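Asker: A structural model of the following input is requested.
(2 chains)
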Amino acid sequence: MKIKGKSLKSLDMKNAFINSLYALVFSLLLGMVFISITGYSPLDTYRAIFVSSFSSTKNFALTLSQATPLMFTGIAFALAYRVKMINTGAEGQMYAGAITAALVGAYITNLPGIIHIPLALLVAAAAGGFTAGIVGYAKLKTGANEIIMTLMLNNVVIFITGYLANGPLKPEGSGVGQTERIQESAKLMKLIPQTQLTIALLIVIAVAIILQYMLDRTVFGYEMKVTGFNLRAAQVAGIKVSKASLITFTISGAVAGLGGAAMVLGVNYRFIEGFSSGYGFAGISIAALAAYSPLAVIPAAFLIGILRAGTITLSRTTAIPIEVVDVIQVLIIIFVAAPSMIRAITGNFKKLVTKFTSNNEKSGGIEQ
Amino acid sequence: MNLINMEKIVKVYPGTVALDKVDFHVKEGEIVSLLGENGARKSTLMKILYGMTSATSGKVYYKGEELNFKRPIDAIKKGICMVHQHFMLVDAFTVTENIIVGSEPGSKGFVDIKDAQRKVEKLIEDFNFNIDPHSKVADLSVGEQQRVEILKVLYREADVIILDEPTAVLTPQEVKDLFKILSKLREQGKTIIIITHKLKETKAIADRVVILRDGKLIEDNVKPENVSTNDLSKMMVGREVDLRNRHPAKNIGKVSLSVKNLNIVEDGKTKIKDVSFNIHSGEILGIAGVEGNGQTQLIEALTGLRKPDTLEMTLNGKKIEGSPTEILEAGIAHVPEDRLSMGLVKEMSVMNNMILGYHRHEEFCKKYGILNRNHIYNYADDLREKFSVKTPSVDSAVNSLSGGNQQKIIIARTFNRDPEAIIIAHPTRGVDVGAIEYIHQQMLELRDKGAAILLVSADLDEVRTLSDRLLVIYEGEIVSESLPGELDEIEMGLLMTGGHSMIEESETS
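Answerer: Residues are numbered from 1 along each chain as shown, chains lettered A, B, ... in the order given. Model (predicted):
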């Protein structure tokens, strides 16, 4: 006997998002504990964070520009996860994209912006894609673990780019590890003047839409999903699973590479050693929060962006450490990764409520 | 007085009322068969008793005391134990070690293995289990492994034993042995509940039959000696079913699928040795055998999932080889042996599963690899109707469907393309009688349209009823070829368990 035909597929999706919502709420609640340890009132802090994020155009732009790199890395992780591959290498892929974008941006001259920018982006995507692609290929050929390989490769890329920025590519007279400033023609247009908010936001939204469309509407997306959900069934159905996985992983790296380019072309105007404040890993929690849907990464990253931007603003006037955001992000991953934990918490909570109300009403039976 | 009383049990899953006010009781020392099709919610009812899930409403009494189990361990402490369909044994452990896992005798973190050994040996002797407590589980046959599972619950001093589809994986001889053991347990005062959809076995062993259909109690006091299997199936399905009647092929044509010299060596072991056969168009060739005798490797080789060491395969004279897609496109379809792990993506919708394997066909994808969703929806909806797949909509996820309806999705998507030849493995495993009947009928129709069908099944009744010619496979070799009716069940069972070598040996000596 079926209660009226409700599509269970959408129900699954809905459950995933409800789960994410709970994860967010619990993480924020637990985050309050950490804030109180720093000696501030958690509620006031949260209020200040949220208010500051929306208080002025400038602050709102800060929120969005903080969220932009997270959107890139979030999408990168979400996409790879659809073929059940874990891309912990977004950080390294970002660096690869950033250094190549900086090179194209600085050393290719006399190009109009309309060609220079896409060229730099393309090269950065290729560099990020290549960095991920070699890992994907090694996994296919040798069965090597992509998590360990991407993690190790992160260091390789970060140290090589660090060497370049401190050695051959370092501008004369510069005190820190960085490259030459990029040409004017390679700079991304600003959406709001005097802020760091550039068309990178539009680019990442476009990437999200395209990838979501690919997943939902194309044969390749279909094969990706089959491969991710059930590898064996994909093989039986004649899907070339290794090809699908390799391509997906490469695209994932390319998106992260674009993220690096966005930082160089839109924010720093050069490659700076250590420019990423853990964007690659923040992407994991954002992808999880978005239930691994590329399009949902955009609002999820926006939420985290609010926290980040708000905390940055707050840290100027108070001593609240920005690491609070990192703690909350990690908590999100933990909660999303453990739906049963959330069910246990909400289940017990419901029971408590029922007990409480039934005690109040003095009606013995437990309703359900 | 009843030992177990379950009163007005209701279980609601999101979107479905699984159990609708079901009353169920068991008396001490009886063997009850809980009979019903797959999806009748027999397992759900038993999981509630066993504490694996909780009822939405209703009460459970055991020895007059109300129970409220949160998890299986609560039930086990009270003496209610379950033997699952899929065994939960550690292959590398001995029988004794497996039995004591979770309730090891001894103290202070040390296991008193001698004491354990004694206890296990006594159990084996008491119940005539005929099993060596020192042998490794990996070396045991499926039937013996099941006995270890039963020993496990006896070791935990179970009074009530719930067996979930205990005969699903057993050979006819092993079923007989199991029933001997169950009778013995009943003599010793144990109470046994068997979850099953097998009628013959229900008749053979049960004292009383309880029938569930669609989550409702249909009958709860059927005496098997008073009814025929036909009556039982009518109560179970709600209408007449026809499973045992043969429908021999009328128009057997020329050789369609020809397989020659198939040899497969895996990890240095010969898995398939010199297998050759022909299937004519309009013919069903059955391969009977106990699972694990090379059927999987055989199917994988014929469908392109594995590279055989040697194989010459032709379809209507054309040489066939290559990837799964190439073989499928050449006209050899495939119904894989395990629908959930190989045939379907349970997280995806019915409609997306209806095109799996055929999704690159032009009609489903427009230019640039974009899926034609409207057409896929309509196509899937047509198939749903044509093959009577019961689903709220083709948008529903496959994991919300019953096993029979899941299998029908695979049948629908392959049969609808009118393949010239098809390899069908275990098409009705874990599927209810209604769906079995339906799937068999579809297979016969496909055959009568001229398809060459290779049917690989561990269900002896199934291969015997459907096949127009019958092979028996044992340890990777074809040990017998016969026409239907030539061999009886006992002879077949003997061949399936290696009996041919004994026959040959006695002939030569």
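Asker: Quick one: low-confidence residue ranges for the chain.
Answerer: All of this is about chain A. A:1-13, A:340, A:352, A:354-368 (pLDDT under 70).
Asker: looking at chain B here, not the other one
Answerer: Residues of chain B that meet the cut-off, pLDDT under 70, sit at B:15, B:242-244, B:500-509.
Asker: Tell me the residues on the stretch 101-250 of chain B that lie near chain A, please.
Answerer: Counting by C-beta under 8 Å from any C-beta of the partner chain, the stretch 101-250 of chain B comes close to chain A at B:Asp214, B:Gly215. For the C-beta atoms, the positions are set from N, CA and C on the backbone; glycine is no exception.
Asker: Show me the helices in the stretch 101-250 of chain B, by range?
Answerer: Using DSSP state H, counting those that start in this stretch, the helices of the stretch 101-250 of chain B run over B:113-126, B:142-155, B:172-187, B:199-205, B:229-237.
Asker: List the buried residues for the third one?
Answerer: Going by neighbour count (16 or more other C-beta atoms under 10 Å in any protein chain shown), the buried part of helix B:172-187 is B:Pro172, B:Glu174, B:Val175, B:Asp177, B:Leu178, B:Phe179, B:Ile181, B:Leu182, B:Leu185, B:Arg186.
Asker: follow-up on the earlier one: let me know which of the helices of the stretch 101-250 of chain B is tucked in deepest.
Answerer: helix B:142-155 (a mean of 21; mean count of other C-beta atoms under 10 Å in any protein chain shown).
Asker: number of nearby residues for B:Glu347?
Answerer: Other residues near B:Glu347 come to 16 when the count uses other C-beta atoms under 10 Å in any protein chain shown.
Asker: does it sit in a helix, a strand or a coil?
Answerer: coil (DSSP: H, G, I helix; E, B strand; the rest coil).
Asker: Could you measure from the closest residue in space to it that isn't next to it in sequence over to A:Thr318?
Answerer: Using C-beta to C-beta, 6 or more residues apart in numbering or on different chains and skipping residues adjacent in sequence, the residue nearest B:Glu347 is A:Phe229, 4.8 Å away. From A:Phe229 over to A:Thr318 the distance is 47 Å, taken as C-beta to C-beta, to the nearest Å.
Asker: Repeat that for A:Pro294.
Answerer: For A:Pro294, the distance to A:Thr318 - C-beta to C-beta - is 36 Å.
Asker: So for the two, which residue has more residues nearby?
Answerer: A direct count of neighbours by other C-beta under 10 Å for A:Pro294 and A:Thr318 places A:Pro294 higher, at 27 against 15.
Asker: can you give me the helices in chain A?
Answerer: Applying DSSP state H to chain A gives helices spanning A:8-37, A:42-54, A:57-82, A:90-107, A:113-142, A:146-166, A:200-217, A:219-229, A:231-236, A:241-263, A:279-289, A:294-317, A:323-337, A:339-361.
Asker: residues of the fourth one that come out buried?
Answerer: What it means is helix A:90-107. A:90-106.
Asker: Count the residues that sit near residue 262.
Answerer: I went with chain A, as the question did not name one. So A:Ala262, with other C-beta under 10 Å, has 28 neighbours.
Asker: try again with chain B
Answerer: 24.
Asker: Point me to the residue sitting farthest from the middle of chain B.
Answerer: No residue in chain B sits farther from the centre than B:Lys108, which is 42.8 Å out by C-alpha atoms, centre = their mean.
Asker: Pull the contacting residues for B:Lys47.
Answerer: Contacts of B:Lys47 were listed using C-beta atoms under 8 Å, 6 or more residues apart in numbering or on different chains, and they are B:Thr53.
Asker: Name the next helix or strand following the helix or strand hosting it along the chain.
Answerer: Using DSSP states H and E, B:Lys47 sits within helix B:42-50. Sequence order places strand B:57-62 as the next helix or strand after helix B:42-50, per DSSP H and E.
Asker: In that next one, which residues are buried?
Answerer: For strand B:57-62, by 16+ other C-beta under 10 Å, it's B:Ser57, B:Gly58, B:Val60, B:Tyr61, B:Tyr62.
Asker: just checking: which of the residues you listed also lie near chain A?
Answerer: Near chain A, by the rule C-beta under 8 Å from any C-beta, you find B:Ser57 out of the buried residues of strand B:57-62.
Asker: circling back: distance to B:Glu30 for the helices of the stretch 101-250 of chain B - can I get that in CSV?
Answerer: Below are the helices of the stretch 101-250 of chain B laid out as CSV (distance: least, C-beta to C-beta, whole Å):
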stretch, distance to B:Glu30
helix B:113-126, 20
helix B:142-155, 17
helix B:172-187, 7
helix B:199-205, 11
helix B:229-237, 18
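Asker: Just give the nearest non-adjacent residue to the most centrally placed residue in chain A, would you?
Answerer: By C-alpha atoms, centre = their mean, the mean C-alpha position of chain A lies nearest to A:Gly74, the distance being 2.1 Å. Leaving aside its sequence neighbours, A:Gly74 sits nearest to A:Ile286 (C-beta to C-beta, 6+ apart; 3.5 Å).
Asker: Compute the distance between the one you found and chain B, please.
Answerer: Going from A:Ile286 to chain B by C-beta to the nearest C-beta, to the nearest Å gives 22 Å.
Asker: And for A:Ala90?
Answerer: 25 Å.
Asker: give me every residue that touches that residue.
Answerer: A:Phe72, A:Thr73, A:Ala76, A:Phe77, A:Ser252, A:Gly253, A:Ala256, A:Gly259, A:Tyr279, A:Gly280, A:Phe281, A:Gly283.
Asker: thinking again about what came up before, next, find the distance separating the residue nearest to B:Glu347 from B:Phe87.
Answerer: Distance from A:Phe229 to B:Phe87, by C-beta to C-beta: 26 Å.
Asker: now do A:Met214
Answerer: 42 Å.
Asker: and those two? which has more neighbours close in?
Answerer: A:Met214 (20 against 16).
Asker: Count the residues that sit near the closest residue to that one other than its chain neighbours.
Answerer: Residue nearest to A:Met214 in three dimensions, not counting chain neighbours: A:Gly221, with 4.6 Å by C-beta to C-beta, 6+ apart. Counted by other C-beta under 10 Å, the residues lying close to A:Gly221 total 21.
Asker: doesn't A:Ile210 make contact with A:Gly221?
Answerer: No. At 10.8 Å, A:Gly221 and A:Ile210 do not qualify as touching, with contact defined as C-beta atoms under 8 Å.
Asker: Count the residues that sit near B:Val137.
Answerer: B:Val137 has 19 nearby residues by other C-beta under 10 Å.
Asker: Kindly report the same for A:Thr248.
Answerer: Neighbours of A:Thr248 using other C-beta under 10 Å come to 29.
Asker: Then A:Val353?
Answerer: Neighbour tally, A:Val353, other C-beta under 10 Å: 10.
Asker: Tell me who's in contact with it.
Answerer: Counting by C-beta under 8 Å, 6+ apart, A:Val353 has no contacts.
Asker: so which residue of the stretch 101-250 of chain A comes closest to chain B?
Answerer: Residue of the stretch 101-250 of chain A nearest chain B, by C-beta to the nearest C-beta: A:Gly238 (3.3 Å).
Asker: neighbours around B:Gly294, how many?
Answerer: Neighbour number of B:Gly294 under other C-beta under 10 Å is 25.
Asker: Now do the contacts for the nearest residue to A:Val157 once chain neighbours are set aside.
Answerer: Nearest non-adjacent residue to A:Val157, counting by C-beta to C-beta, 6+ apart: A:Gly92, 3.9 Å away. A:Gly92 makes contact with A:Thr131, A:Thr150, A:Leu153, A:Asn154, A:Asn155, A:Val156, A:Val157, A:Ile158, A:Gly280, according to C-beta under 8 Å, 6+ apart.
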